[in-house]
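J.: please work out how this folds:
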Amino acid sequence: MAVYNLARSELYIEMFTNVVRGRDEDDAEMQDAHANLLIDIRFADVAKAFAHVLYDEALRGEVRPLARTFERMADQAALTAFGTRNHEEIPSWFFQNFECLLASALHKLLLYFRDPLTWRLNTEKRGCAVVAFNALIGVAEGLRSYVGLDYLRESTGVHVLMSAVQNAKCDFLKEVVHPVPRCASLIFAEVVAQHVLAEPNRELVVQSGFCFFARSQRWRAFASACMTLAPACMPGAPLARLLREVDEAKRSVVAAPPGLFFLASEFLEADASPERAHNVSRSANLRAGPDLRSPIAKRSKPFLRLVKRLVSGSP
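T.: Numbers count the residues shown, from 1 in each chain. Next up, the predicted model:
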């Protein structure tokens, strides 16, 4: 269980409130202070404070576009800490902190909007949830140059957010639809679907958010679970359209010559190692021992990690 520091929480709540409301935009000293506070955001208090502010501001009404603001803050934080904005020269923990911020804030927002008494939210609360989720995707767009995968700088906010959630150790998307999904989960799934469908790039390449969704078992399982509520909660919602288009896209490449991306994907889905049959049978007959095990038959963890990066875009 996370232990929260009250003083740190109050500090970041004040900072994120000022940032979201657009205060201190012309105050260079305060901009420097905000940048310094973003350098090390590994603490659980930061994501909690951020989610609290987004939730509170969404309940108050519309939230202004935040992508440009967070892009400027992250740029300044990188320059202050490392003297550069070059992705290759910045340590990976800096990127991981931003990914954790996005994933953890999303998890908390889903819980904040999760009514414990009923799966259905009233119209006003639904609107607030849409505002909060869209605001978070806007923040993800602003941070796209400061996440683990450098090519995401050319992609979209929803792609960045999906990647951050995919890389999270905790599969909270599975948690929020168990035993049955609540309306808040479906609303978020619909927001994601709208953003993914708005992307012009529908190619099944790793740089595409559409492709990322199509190849992510975690995201597809979440979307499919949410579909059980779709007819009752949001008839005609875009989530069903996204799932249909994903199925159509995957069927369209069945007859195409398999490239590295799809060979790797099929390997992962089959949970099979790249070993030949005679090597498997030979290794099964060998006595267990470090000197007698076949290097071909032995599962290669580095290879698996590489394949997973190719397929799902995760580091």
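J.: what helix or strand does A81 sit in?
T.: Element membership for A81 (DSSP states H and E) is helix 67-82.
J.: next one: E141
T.: Assigned by DSSP H and E, E141 falls in helix 123-142.
J.: got the contact list for that helix?
T.: 20, 54-55, 57-59, 61-63, 65-74, 102, 105-106, 109, 113, 115, 121, 156-158, 160-161, 164, 183-184, 187-188, 191-192, 195 (C-beta atoms under 8 Å, 6 or more residues apart in numbering). The way it works is simple: take the backbone N, C-alpha and C, and place the C-beta from them, glycine included.
J.: hmm, back to that, the helix holding A81 vs helix 123-142, what angle?
T.: 40 degrees (axes from the mean of the first three to the mean of the last three C-alpha atoms, to 10 degrees).
J.: what's the following helix or strand after helix 67-82?
T.: Following helix 67-82 toward the C-terminus (DSSP H and E): helix 92-112.
J.: avg pLDDT for stretch 76-88?
T.: Averaging pLDDT along stretch 76-88 gives 96.
J.: to clarify, my last question referred to stretch 49-58.
T.: Stretch 49-58 comes out at a mean pLDDT of 97.
J.: now do R244 against M227, distance only.
T.: 11 Å (C-beta to C-beta, to the nearest Å).
J.: neighbour count winner among these two?
T.: Shown here are R244 and M227; by other C-beta atoms under 10 Å, M227 has more neighbours (16 against 10).
J.: and the helix holding E141, what's buried?
T.: Neighbour-count burial for helix 123-142 flags 125-142 (criterion: 16 or more other C-beta atoms under 10 Å).
J.: hmm, who's touching the next helix or strand after it?
T.: Sequence-wise, the next helix or strand downstream of helix 123-142 (DSSP H and E) is helix 157-167. Helix 157-167 has contacts (C-beta under 8 Å, 6+ apart) with 67, 98-100, 102-103, 106, 136-144, 147-149, 152, 172-173, 192, 195-196, 199, 208-209, 212-213, 216, 218-219, 312-315.
J.: okay, and for the stretch 201-315 of the chain, where does confidence drop off?
T.: For the stretch 201-315 of the chain, the stretches with pLDDT under 70 are 230-236, 253-315.
J.: any buried residues in stretch 87-102, and which?
T.: Neighbour count says stretch 87-102 has H87, I90, F94, F95, Q96, N97, F98, E99, C100, L101, L102 buried, by 16+ other C-beta under 10 Å.
J.: how far does that stretch sit from the chain's center?
T.: Taking C-alpha atoms, centre = their mean, to the nearest Å, one finds the center of stretch 87-102 at 14 Å from the center of the full chain.
J.: CA-only coordinates of that stretch, as PDB, when you get a sec.
T.: The C-alpha trace of stretch 87-102 is given here as PDB (Å, rounded to 0.1, in the frame of the first residue of the first chain):
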ATOM      1  CA  HIS A  87      16.000  11.900 -26.100                       C
ATOM      2  CA  GLU A  88      19.200   9.800 -26.300                       C
ATOM      3  CA  GLU A  89      21.000  11.900 -23.700                       C
ATOM      4  CA  ILE A  90      18.300  11.800 -21.000                       C
ATOM      5  CA  PRO A  91      18.300   8.900 -18.500                       C
ATOM      6  CA  SER A  92      15.400   6.400 -18.800                       C
ATOM      7  CA  TRP A  93      14.100   7.000 -15.300                       C
ATOM      8  CA  PHE A  94      13.000  10.500 -16.400                       C
ATOM      9  CA  PHE A  95      10.800   8.900 -19.100                       C
ATOM     10  CA  GLN A  96       9.500   6.200 -16.800                       C
ATOM     11  CA  ASN A  97       8.400   8.700 -14.200                       C
ATOM     12  CA  PHE A  98       6.200  10.500 -16.800                       C
ATOM     13  CA  GLU A  99       4.700   7.100 -17.900                       C
ATOM     14  CA  CYS A 100       4.000   6.200 -14.300                       C
ATOM     15  CA  LEU A 101       2.300   9.600 -13.800                       C
ATOM     16  CA  LEU A 102       0.000   9.000 -16.700                       C
END
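J.: what comes into contact with that stretch?
T.: With C-beta under 8 Å, 6+ apart as the criterion, stretch 87-102 contacts 39-42, 46-47, 50, 74, 78, 81-82, 84, 136, 139-140, 143, 145-148, 150, 153, 160-161, 163-165, 167-168, 315.
J.: ok, now stretch 214-228?
T.: 162, 165-166, 171, 173-174, 177, 180-181, 185-186, 189, 192-193, 204, 212-213, 239-240, 242-243, 246, 249-250, 265, 311-312.
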